[in-house]
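Trainee: give me coordinates for this.
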Amino acid sequence: MITLTKRYLTESKNQFKDRLLIFEEPVVLFRKENEMNEERKKFIIEFWAKCNEICPKYNLRAIDAIVAQACNESRYGESSLASTYHNYFGMKCGSSYNGKSVNLATKEEYQAGVLTDIRANFRAYDSMEEGIKGYCEFITGFSRYSNLLGVTDSHQYIVNVKNDGWATDSRYIDTLDSIVPVVRETINEFGIWLASQAQSPSQNQPQSQTESQARTYRVVAGDTLSQIAKRFGVPMSQLVELNHIQNPNMIRVGQVLTIDRVGAPTYVVQKGDNLTKIALAHHTTVERLVQLNHISNPNLIRVGQKLLV
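Mentor: Have a look, this model is predicted:
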């Protein structure tokens with residue numbers, strides 16, 4: 001139990017609005033730990049799912065680190081900058097930014113261990129999706145962050161983003177490193193739960209079936225479809241069919257071709273499904289599902305559609 005003055009309560013109630021119960025005199029606050037933990041888990045799951053859809057499009061692939069960064073910067077989505085303005089990363093405006101903004105008080109650590117109160121103009125967005133896109137565009141818009149592109153190791157991403165000048169907090173790397181396991185544990189728990197729901201007879205959900213695992217090959221300079229077919233010992237017509245190739249004479253460097261399918265699980269899309277939910281349930285990514293199933297629009301899947309997972 002914590003007893004606070006009215007002045008402190010007035011200044012703090014917006015910051016702690018969902019975490020505290022407020023009573024009459026004396027002012028007593030009880031932290032609702034279990035509910036707080038559940039709210040944090042909900043934030044991690046929703047934010048991770050959206051990052052998993054959006055960030056790879058910008059070649060930002062250390063999803064766990066990005067979510068950990070958002071958890072730290074936004075207090076798990078509870079800061080006013082995050083909850084009201086959908087800026088989950090504390091991104092300031094800068095001279096080149098001409099979008100929506102808000103002026104808020106904040107603290108910076110210009111000297112190790114010493115916090116300085118300042119006011120700053122922060123970027124503002126209309127939704128969580130827009131906030132994540134804003135982060136991706138921020139990262140890809142500055143050359144100093146180019147060493148984050150394509151990085152998949154969470155710790156390396158965190159070290160790079162700190163050294164690139166993202167944060168002044170001297171404990172930033174250790175703090176984010178400590179949040180990453182929490183993110184992974186939460187997503188893993190949720191994925192296991194989703195999988196159990198998808199496979200439960202009481203839910204009338206079909207079991208994932210074993211059908212065909214895709215062997216894939218990335219086209220390099222000088223390749224032709226006939227050479228690739230000969231290399232893998234498959235008919236060229238099979239490559240054309242599996243990869244929906246319109247012109248066998250036109251393949252591009254970097255294109256990922258499905259060679260054949262041997263014993264991979266499949267899943268039949270149910271009412272209410274989306275690729276994010278399916279990816280979580282099968283411990284994969286939306287990007288991988290799109291690639292395996294040649295999906296042109298990740299937002300359009302149909303009930304009854306059979307997907308390689």
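Trainee: any weak-confidence spans in the protein?
Mentor: Judged by pLDDT under 70, the chain has its weakly predicted residues at 1-36, 107-116, 118, 191-215, 233, 260-264.
Trainee: buried stuff in stretch 62-78?
Mentor: Neighbour counts over stretch 62-78 (16 or more other C-beta atoms under 10 Å) mark 62-78 as buried. The C-beta positions use only the backbone N, C-alpha and C, and glycine is treated the same way.
Trainee: please export the C-alpha coordinates of that stretch as CSV.
Mentor: Only the C-alpha atoms of stretch 62-78 are listed here, as CSV (Å, rounded to 0.1, in the frame of the first residue of the first chain):
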residue,chain,number,x,y,z
ALA,A,62,14.7,-8.1,-35.7
ILE,A,63,11.1,-8.1,-34.6
ASP,A,64,11.6,-9.1,-31.0
ALA,A,65,14.1,-6.2,-30.5
ILE,A,66,11.8,-3.7,-32.2
VAL,A,67,8.9,-4.7,-29.9
ALA,A,68,11.2,-4.5,-26.9
GLN,A,69,12.2,-1.1,-28.0
ALA,A,70,8.6,0.0,-28.2
CYS,A,71,7.8,-1.6,-24.8
ASN,A,72,10.6,0.4,-23.2
GLU,A,73,9.9,3.7,-24.9
SER,A,74,6.1,3.6,-24.5
ARG,A,75,5.9,1.8,-21.1
TYR,A,76,4.1,-1.0,-22.9
GLY,A,77,1.8,1.3,-24.8
GLU,A,78,0.7,3.2,-21.7
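Trainee: report the distance from it to the chain centre.
Mentor: 9 Å (C-alpha atoms, centre = their mean, to the nearest Å).
Trainee: same thing with stretch 133-148?
Mentor: Centre to centre, stretch against its chain (C-alpha atoms, centre = their mean), the figure for stretch 133-148 is 15 Å.
Trainee: so which residues make contact with that stretch?
Mentor: 54-55, 57-60, 62, 66, 70, 87-89, 91, 96, 99, 123, 125, 149, 157, 160-161, 164-166 (C-beta atoms under 8 Å, 6 or more residues apart in numbering).
Trainee: could you rerun that using 7 Å?
Mentor: 54-55, 58, 60, 89, 91, 123, 125, 157, 160-161, 164-165 (C-beta atoms under 7 Å, 6 or more residues apart in numbering).
Trainee: farthest-separated two in the residues you listed?
Mentor: The largest separation in the contacts of stretch 133-148, counting by C-beta to C-beta, is between 125 and 160 at 24.1 Å.
Trainee: who touches the residue most central in space within the chain in this structure?
Mentor: Residue closest to the average C-alpha location in the chain (C-alpha atoms, centre = their mean): residue 51, at 2.3 Å. Residue 51 is in contact with 63, 66, 67, 132, counting by C-beta under 7 Å, 6+ apart.
Trainee: for the third one, grab phi and psi.
Mentor: Put plainly, it is residue 67. Dihedral pair for residue 67: phi -70, psi -40, per degrees, to the nearest 10.
Trainee: with the first one instead?
Mentor: Backbone geometry at residue 63, expressed as degrees, to the nearest 10, gives phi -60, psi -40.
Trainee: that one contacts residue 49, correct?
Mentor: No. Counting by C-beta atoms under 7 Å, residue 63 does not reach residue 49; the two are 9.7 Å apart.
Trainee: common neighbours of those two, please.
Mentor: By C-beta under 7 Å, 6+ apart, no residue touches both residue 63 and residue 49.
Trainee: tell me the secondary structure for residue 177?
Mentor: helix (DSSP: H, G, I helix; E, B strand; the rest coil).
Trainee: tell me which residues touch it, please.
Mentor: 155, 158.
Trainee: great, nothing more from me.
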